[in-house]
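Participant: what would the 3D arrangement of this be:
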Amino acid sequence: MRPHSLAAATATTTQDAIRSDVKNFVDSVGDAAQAVRHTAEVQHKLDAPMDRNIDQATRAFMKKKMAINKGYAEAVKFEIKNTHFDAGKTGGEGHLNWTNKQQIVNHWKSPIVADRKAREQWMNTVKRNMEEKRKVHQMVKAEAKKVWPAKF
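Facilitator: Model (predicted):
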């Protein structure tokens with residue numbers, strides 16, 4: 001064998017090794033991408049019911065909040081209607097007086113209590129569903145450690 005042929009054979013072997021390494025690398029990246037994609041899809045599917053529950057609770061809270069805000073507006077109107085200003089004497093102090101004080105308090109109390117109750121109900125729903133999502137994320141993360149490539 002001539003030296004030139006030996007160099008050509010070595011170069012071909014090196015090129016084949018490089019091609020093989022590149023192919024293995026590309027396949028490994030593809031496998032890793034597929035594992036990540038699969039994990040994301042599984043997590044999305046498992047999260048969907050909790051996300052829907054949170055969305056429904058938020059919509060219900062917003063509807064309640066609109067009614068509560070009307071209650072606040074009515075309370076303001078009622079209080080203004082029952083607020084009386086006495087300018088007093090010239091150079092003297094003026095006074096504000098209220099009639100129906102207990103009714104004013106009651107008009108404010110109803111939306112405040114309803115707001116607190118609606119907010120608490122919404123927060124409990126969100127917290128409960130977020131806890132479920134946290135459990136799903138832990139489960140998916142544990143599964144990912146099994147499925148994803150070790151050095152990923």
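Participant: my guess is W122 contacts A57, does it?
Facilitator: Yes. Between W122 and A57 there is a contact at 5.3 Å, judged by Cβ atoms under 8 Å. Using the backbone N, CA and C atoms, a C-beta is placed for each residue, glycine as well.
Participant: next one, pLDDT for T12 please.
Facilitator: With respect to pLDDT, T12 has a value of 67.
Participant: next one: E41
Facilitator: pLDDT, E41: 86.
Participant: and for it, the neighbour number?
Facilitator: 10 (other Cβ atoms under 10 Å).
Participant: what helix or strand is it on?
Facilitator: helix 3-81 (DSSP states H and E).
Participant: off-centre distance for that helix?
Facilitator: Counting by Cα atoms, centre = their mean, to the nearest Å, helix 3-81 is centred 14 Å from the centre of its parent chain.
Participant: now swap in stretch 90-100 and tell me
Facilitator: Worked out by Cα atoms, centre = their mean, stretch 90-100 lies 50 Å from the chain centre.
Participant: so where's the protein shaky on pLDDT?
Facilitator: 1-12, 27, 148-152 (pLDDT under 70).
Participant: what's the closest non-adjacent residue to N53?
Facilitator: N129 (4.9 Å; Cβ to Cβ, 6 or more residues apart in numbering).
Participant: show me what contacts T58?
Facilitator: 122, 126 (Cβ atoms under 8 Å, 6 or more residues apart in numbering).
Participant: for K70, see how far away it is.
Facilitator: Counting by Cβ to Cβ, to the nearest Å, the separation of T58 from K70 is 19 Å.
Participant: what's the answer for W108, then?
Facilitator: Distance, W108 to K70, using Cβ to Cβ: 13 Å.
Participant: more neighbours, the two?
Facilitator: Neighbours per residue, other Cβ under 10 Å: of W108 and K70, the larger number sits with W108, 17 against 11.
Participant: thought W108 was touching A75?
Facilitator: Yes. Shown here, W108 and A75 form a contact pair, counting by Cβ under 8 Å, at 4.7 Å.
Participant: give me the angle between the helix or strand containing K146 and helix 3-81.
Facilitator: Element membership of K146, judged by DSSP H and E, is helix 101-147. Here helix 101-147 runs at an angle of 170 degrees relative to helix 3-81 (axes from the mean of the first three to the mean of the last three Cα atoms, to 10 degrees).
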